[in-house]
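*Asks:* sequence-free structure coming up:
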């Protein structure tokens, strides 16, 4: 029993190290740009920020959603301009779209925050309004992560 456990742990550790090494040297080259582990790093950053935004939206946390959208703005700008990360042209285009949708979502969430503060009667639940405001952005962020990874699995947190 002990040797089976030891073998299982060894196999698991080996598989994990091979997977991490593969992600670290992944190349995302192609027309319009070339990338490296920087692309995977950018995907992990976007995925983490997207997940944080989803969690805050699901809770109906307007100030938290505002903060998440504010944190996303410079990352999306860096990706769209290709300054901090070396990414493919398609991913840059997706980042430009996501940046525009982030700006629109920020404006809508700011307006929602003002309405909530004024406690307007007849508003649907805040979480439903937040979800409606950021839905296009979330789709764009998912698409951006996919473009950055080029079919690789989404990196864990």
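*Replies:* Yep, it's here. All values reported here derive from a predicted model rather than from experimental measurement.
*Asks:* Going by C-alpha atoms from here, please, whenever you check contacts or count neighbours.
*Replies:* Will do.
*Asks:* longest single helix anywhere in this protein?
*Replies:* Longest helix of the chain, by residue count under DSSP state H: helix 89-118.
*Asks:* Show me what counts as buried in that helix.
*Replies:* Neighbour counts using 16 or more other CA atoms under 10 Å place 89-106, 108-110, 112-113 of helix 89-118 among the buried residues.
*Asks:* cool, and stretch 54-67?
*Replies:* Neighbour counts over stretch 54-67 (16+ other CA under 10 Å) mark 54, 56-57, 60-62, 64-66 as buried.
*Asks:* Kindly check the end-to-end length of that stretch for me.
*Replies:* Distance between the two ends of stretch 54-67: 12 Å, counting by CA to CA, to the nearest Å.
*Asks:* for the longest helix of the chain, packing partners?
*Replies:* helix 62-81, helix 126-149 (3 or more CA pairs under 8 Å, 6 or more residues apart in numbering; DSSP states H and E).
*Asks:* which one of the ones you listed lies closest to residue 47?
*Replies:* Proximity to residue 47, assessed across the helices and strands packed on helix 89-118 by CA to CA, is greatest for helix 126-149 (6.5 Å).
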